[in-house]
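Colleague: sequence unknown, structure follows:
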């Protein structure tokens, strides 16, 4: 075998090993991150529905820098989809051994039509919820909503433009 061919094969093998090591590190970083919903909250309540906002807190315990896409958030009740966020192209960079909130809150609108199947007297329910909302009593508001149906949020995102991550459901009401 000629010297040129040997050098070429060595370079190709080295690049292959480097790629495998890099991919393994990215995979390990994705497997080790910890994520939680950061302050899911009701931000608006009107005749069209409920509006929620949340952020996602990401803890990167590895030494690798990772990037995370804006999460796609789903609002569910007993596993049934009620509403979801819009997708976006925001990217957040998270340094190794640090904790970061995503660059932007995620908003979800839950139309009353999705809650209607769980309610017997819809008109008085909406009137009561709006009244409670206007009074600023969020504890009572959450308690009234929780009696209708339990609400959970899940989210999915892409890490380093290649690894898909989905959360477990987090109960918000």
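Modeller: That came through, no problem. Fair warning: this is a prediction, and the values are worked out from it, not measured in the lab. Residues are numbered from 1 along each chain as shown.

Colleague: my guess is residue 149 contacts residue 115, does it?
Modeller: Yes: Residue 149 lies in contact with residue 115 (C-beta atoms under 8 Å); the separation is 7.2 Å. Any C-beta I mention is one placed from the backbone N, CA and C, and that applies to glycine too.

Colleague: where are the low-confidence patches of this protein?
Modeller: 1-31, 119-122, 173 (pLDDT under 70).

Colleague: would you list every one of the strands in it?
Modeller: 34-46, 49-60, 66-69, 72-77, 80-84, 91-94, 98-101, 106-111, 152-159, 163-166, 170-171 (DSSP state E).

Colleague: Compare the ones you listed and report which one is nearest to residue 140.
Modeller: Comparing these by their distance to residue 140 (C-beta to C-beta), the top pick is strand 34-46, with 12.1 Å.

Colleague: Identify the neighbouring strands of that closest one in the sheet and state each direction.
Modeller: strand 49-60 (antiparallel) (DSSP bridges).

Colleague: relative to strand 106-111, how tilted is the strand it pairs with?
Modeller: Note on geometry: by axes from the mean of the first three to the mean of the last three C-alpha atoms, to 10 degrees, strand 49-60 and strand 106-111 are set 150 degrees apart in direction.

Colleague: buried ones in strand 49-60?
Modeller: 49, 50, 51, 52, 53, 54, 55, 56, 58, 60 (16 or more other C-beta atoms under 10 Å).

Colleague: now stretch 134-152
Modeller: Buried, per 16+ other C-beta under 10 Å, within stretch 134-152: 141, 142, 144, 145, 149, 151, 152.

Colleague: So the residue sitting nearest the centre point of the chain versus residue 147, what's the distance?
Modeller: With the centre of the chain defined as its mean C-alpha position, the nearest residue by C-alpha atoms, centre = their mean is residue 155, 3.2 Å away. For residue 155, the distance to residue 147 equals 25 Å [C-beta to C-beta, to the nearest Å].
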